[in-house]
Each structure stands twice: as structure tokens, then as C-alpha cells.
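# sequence and computational prediction follow.
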Amino acid sequence: MEEFKKEDFVEDPRYKQCNKEALMGIGLGILNLIWWYAWGYGLGSTSPEKYTYVFGLPMWFFMSCIVGAILFSGLTIVMVTKFFKDMHLDKMDEDEI
Amino acid sequence: MNHVNFNVLIPLILYFIGVFVIGFYSMKFVSKASQSEGEENGFLSEYLAGGRDLGGFVLAMTLVTTYLSAGSFIGGPGAAYTFGMAWVFLAMSQMPTGYFTLAVLGKKFAIVARKINAVTITDFIRARYKSDALVMICSLSIVAFFIAAMGAQWIGAARLIEGSVGISYQSALIFFAITVLMYTTIGGFRAVALTDTLQGIIMTIGTIALFVATIHAGGGISSVVQKMYQINPGLITPYSIKEGFATKAWVTSFWILVGFAVVGLPSVGMRAMSYKDTKSLKKGIIYGTIVSIILILGMHLIGAFGIAVVPGIDSGDLVVPTITTKLFPAWIAGIILAGPLAAVMSTVDSQLLIVVGAIVNDVYSNYINPKAKKDSKRMAKMSFVSTIVVGILVFVTAFNPPPIMVWLNLYANAGLISTFLWPIILGLYWKGANTKGAFASIITGVGSYILFSKIWERPLGMHTIVLPLALSLIAFIIVSLCTEKPSKEVIKLFWGV
């Protein structure tokens, strides 16, 4: 195995896209966390007498959880349909390389 | 408790019949696979991974329902009843579960699983780290933690049936155990995934119906929220009713425990290797995200709003059954209460199969009788027998829980996450991850978790799991960098074409 060199080793070409998609998932998760935190604690930290309401719900909750849920479902759909690519999942044949 | 409530019992029985029908349908695939000869893993690939044939909708439903257990339908709404909007806010840390798991493990996990012919998470660990001791630790932790976790879930299910139908706890437990054992034993993973889908649909419909009825009974959202404000202003803030309980750091750290680290649960990871193609994955991510958000937001809001509709319940856990029986005629209540029961069933059936996988695939066919791998009939017999044996063990546990099980269940989720999270993620994405690093991470993670939960419950203000996970990541990386790299064969198998 000593003569095993970097050139002998062809990395599965599908992985580049896979890694990108995984990073996108992490990125969306972090954005989701920031949205939730910023609206929730940003507006929710004043005293409850001063709360404003939308559809009967406190504004902090409405923005953080209701709008957040809809927005991030939408962003998930965009991420998956625009940026995720279709590929084979099975072992690759020689000629595909 | 002395008279049986047939209005609830009959919808439940109809529902159980539906579940059996799915079991028998899946049995065709299982018995076909048990006839296949010579093929490596022919039988287990069907029995434990459904022949890697899951479509998008089924993938989404089985992922969401496996992850959402009794906690999300009984305990979660119960806590929201007591702590108000703050608990709904906390529960929304599960928003990313639908997309995060499937995007992060993603296609790479599915591709690797096909390359190494893995049908369990431990298969992946074995091929990646080539260590028998590590495989043993993983299999043991699966068997111990999952049996304990299942015991707790079965107790919850039996209590639910006992409370709503009015039969004794023992009969309820037997009724429940026989149903789950039957369809899981005969139908394997395919039956589990398909029943999960049926259960997910029932849970979704039940949640929406109950949500609308709760708001209606409370006179609209505005009036419900104002009533909550009058009961205690803390109920409508993100800080809840007690000073120093729902702190920013603690609530936010739930994103780590229930939002992101869920990737490390074997029952969740299994789903990421059993879908059919990338189209199923895309659909699975979209449906999974939407359905999980509806269920989580809906159930917890029902709990939080519950205080304005049915004030003064002794235990928050009773809020969903109480609202349901108060607002609906008995036979509809029966259908809606099938929802939480479905949540329990869809969780335990997957856990049951994971344990069987650990026994038959990871231990028996690798160490005790390696020749059996190609003998589908033999593997079929072993799998059926161990499903039933494990089922009986869980039954005994639920019938009369021994102290060790109570203790194990307390640590089950955290223990599994600290065992599997980093070995899976780093094994998949980092070529430098090696066996010693994996050992170091498991020992550090599980050890420091048990230690912290005894002496330092909220390290740096966060949930107990966060710091151990960070420590075990650091241990993994440092030890991997200091010891020899993984062999070239392994790297070539995992990363090569």
C-alpha cells in the first residue's frame, strides 16, 4: 500500500454537491435560530402591559413562531427545489467516471 | 374505571385493524425477501430498511412520527398548559428537524450506505472505524437505552388507553403490546414506515380539529390570550411564570438538543439511509418540515390555550384528553385520542426494529454466525424470534418497571445522542476521523453527561446536553489528530468511486 498516491484516488464526484447541500441545511438552521431568537426576545422582553397584538397573538410570538414557521417552510421549499440536485444514489459504474 | 367506554374503544379497534392490514400487506415483501438466496443481506435489507424503497411522503411521515413521541402529544402540551406561550416558543426549536436531519445526513449518507451495504447505523460505524469493541459499545447502548425508552413509552400508551377506554392498565398494556408486536414482526420496516404514515395522517387531522375546536371554545384567539394574561401575565411572555426558569440560554439551548443533535438518534438516522431516490428525499424534506411544524405548533398551542378553556386541571399531562372529551362527542374523541396513541406506536415500532437490527445484524451475523448473512431463511427466523423476545422484555419492563430501567430511560436520548452524533457526522464528512477519536468522543460525551446531570444541571445556563456534546467533539478531534490516520482502504471505500 506504500505506493498508494493521491492520484490513484478519485473522489466520488457526487460528494461535492452533497457537501454543499449539507452546508445549506446548516445555514438555514442557523438563520432559523437567529430569526426565532431576534423576534422572540427582541419584542418579548418588554413588560407584557406594553405588548402589541396581531390576530390576537402577542407580536413577539406572531413574528417569531408563526411568521417564522411559514417563512422557513417557504425557504426550505426554495432550497430543495432550486439548489438540491438529483443524482444516482447507487454505486457508480466505471464508465460513469 | 369500572365501565368500558365503547364510544372510544370502537374507533380504536377499527384503527388497530387498519394497522394490521398494513402489516399483512408488508408481509408479502418480507416473505419474498426471506426466499431470496445467496444475496448478501437480501432479507435484512427488506426487514430493517424496507428494501431502500421509501417514497417522499412516507419518508417524511415516518421521520416525523418516529421523532415525535408521547412527549410531543402529552408532556409537551402539558408543559405549555403550565408555562404558557414560553413553552410553545421553546417547542418551536424543533422547527428545523424536518429539513435539518435529511439535509445534513443527506445524499452522502444514502450513497455511503449503498456502497458499504449498510442496513443499520452500526453497520456504518463498523465499516468506517473497523473496531469490534466500538461495534459492541454501539450495539449494547442501542439495546439497553432503547429497551428502557420503549418501556417508558409503552407505559404512557397503556395509561392513555386505560384513561380513555376504561379498561385496566394490564389489559390495556396487553392490547397495545400485541398490536405493535404483530405488525412489526410480520411486516418489518416497510410495515413500520407505512403504519407511521397512517398514524401521521391521523395525528395531523386530530391536531387541526382539536386546535380549531379549542379556539372556538375559548371565543377566539384574542379572548383566549387575554384570559391567559389575566390568569398570569407571565403566560404570554417568552420568560414564563417563574423567575429564572425559562432563561434565554436554557430555552435557546433546546435548539441543540431537539433541533440539531437529533441527527445522532439511530432511529432517525436509519430513515436517512432507506429512501428510494433523490426525488423522494426532496419531497421528504418539504413534507417533513411542513407536517412537523403543524404538529408541534398545533399541539403546544392547544396546551397553552387550554388554560383558558379548561382551567384548574391538576396535572398538565391531562390537558389534551380533557379538552378532547369536553369539546367533542365521544366517538370523535376516540378518533382524536388515537392521535397520541399513534405517536407512541410510531415511535416504539421503529425502536423495536432498531434493537432487532442491533441483535441480529450487528452482533449475530457479524460475530456469532457470519455464514448466516447469505442464508435469508435463517436470518428471517432469527429476526422474528428476536422481535418477539425483545417485545416480551419490554412488556415485562412496562408491567413492573425495575429501577435500572427507570434510570436508563432518564439518560436514553442524551446517551444515544452522545454515543452516535459525532461518530456519524465526522465519520461521514471528515477523512481524519479515526477509531480512537470515536472512542474518546463516546466516553467523554456519555461520561460528562452523567456527571453534569448529577452535579451541574445547567452548565453555563444551558441544557445539560450542550456542554458534553461540545466536549466530546473536542475530544474526538484532538485524539484523531494525535493518533494514526484511518487506513487507506477505509478512505477509498467511503470517499472513492
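In hand now; what should we look at?

# residue of chain A closest to chain B, please.
As assessed by Cβ to the nearest Cβ, chain B sits closest to A:G25 within chain A, at 2.6 Å. From N, CA and C alone the C-beta is placed, and that goes for glycine too.

# what residues are up against that residue?
A:79, B:99-100, B:102-104, B:106 (Cβ atoms under 8 Å, 6 or more residues apart in numbering or on different chains).

# try it again at 10 Å.
Residues in contact with A:G25 (Cβ atoms under 10 Å, 6 or more residues apart in numbering or on different chains) are A:76, A:79-80, A:84, B:96, B:99-106, B:263, B:285.

# check B:S350 too.
Counted by Cβ under 10 Å, 6+ apart, B:S350 has contacts B:62-63, B:65-67, B:146, B:150, B:184, B:189, B:192-193, B:196, B:265-268, B:270-271.

# let me know the secondary structure of it.
helix (DSSP: H, G, I helix; E, B strand; the rest coil).

# measure it to A:W36 for me?
28 Å (Cβ to Cβ, to the nearest Å).

# so where's chain A uncertain?
A:1-8, A:93-97 (pLDDT under 70).

# what are the phi and psi values for B:A118?
Main-chain dihedrals, B:A118, degrees, to the nearest 10: phi -90, psi 140.

# that one against B:P266, yeah?
No - counting by Cβ atoms under 10 Å, B:A118 does not reach B:P266; the two are 11.9 Å apart.

# and these two? Which one has more around it.
B:P266 (27 against 24; other Cβ atoms under 10 Å in any protein chain shown).

# can you pull the contacts of that one?
B:P266 touches B:120-122, B:124-125, B:138, B:141-142, B:145-146, B:350-351, B:354-355, B:357-358, B:416-417, B:419-420, B:424, counting by Cβ under 10 Å, 6+ apart.

# pull out the buried positions in the longest helix along chain A.
Determined from DSSP state H, the single longest helix within chain A is helix A:15-44. Buried residues in helix A:15-44, counted by 16 or more other Cβ atoms under 10 Å in any protein chain shown: A:15, A:17-18, A:21-22, A:24-25, A:28-29, A:32-33, A:35-37, A:39-41, A:43-44.

# in helices only, show me the contacts of A:G25.
A:76, B:99-106, B:285.

# got a winner among the residues you listed for most neighbours?
Neighbour max across the ones in helices among the contacts of A:G25 (other Cβ under 10 Å) = B:L102, 30 neighbours.

# what's near enough to touch it?
Contacts of B:L102 by Cβ under 10 Å, 6+ apart are A:21, A:25, A:80, B:59-60, B:63, B:109-110, B:263, B:268, B:271-272, B:275, B:281-282, B:284-286, B:288-289.

# for chain A, see how far away B:L469 is.
Distance, B:L469 to chain A, by Cβ to the nearest Cβ, to the nearest Å: 15 Å.

# show me what counts as buried in the helix or strand harbouring that residue.
Element membership for B:L469, per DSSP states H and E: helix B:466-482. By neighbour count on 16+ other Cβ under 10 Å, the buried set for helix B:466-482 is B:466-473, B:475-477, B:479-480.

# I'd like these as JSON lines, with distance to B:A217 appended.
JSON lines is the format used below for these (distance: Cβ to Cβ, whole Å):
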{"residue": "B:V466", "distance to B:A217": "39"}
{"residue": "B:L467", "distance to B:A217": "43"}
{"residue": "B:P468", "distance to B:A217": "44"}
{"residue": "B:L469", "distance to B:A217": "42"}
{"residue": "B:A470", "distance to B:A217": "45"}
{"residue": "B:L471", "distance to B:A217": "48"}
{"residue": "B:S472", "distance to B:A217": "47"}
{"residue": "B:L473", "distance to B:A217": "48"}
{"residue": "B:A475", "distance to B:A217": "53"}
{"residue": "B:F476", "distance to B:A217": "52"}
{"residue": "B:I477", "distance to B:A217": "54"}
{"residue": "B:V479", "distance to B:A217": "58"}
{"residue": "B:S480", "distance to B:A217": "57"}
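
# so which of these is the closest to chain A?
Nearest to chain A among the buried residues of helix B:466-482, with distances taken as Cβ to the nearest Cβ, is B:V466, at 13.5 Å.

# that closest one and B:W456, how far apart?
In terms of Cβ to Cβ, B:V466 sits 12 Å off from B:W456.

# so which residue is dead centre in chain B?
B:Y67 (3.4 Å; Cα atoms, centre = their mean).

# need the contact list for that one.
B:Y67 sits in contact with B:94, B:97-98, B:101, B:258, B:262, B:265, B:267-268, B:271, B:288, B:292, B:343, B:346-347, B:350, where contact means Cβ under 10 Å, 6+ apart.

# in the stretch 301-450 of chain B, which spans are helices?
In the stretch 301-450 of chain B, the helices defined using DSSP state H, counting those that start in this stretch lie at B:319-327, B:330-356, B:376-399, B:403-429, B:435-455.
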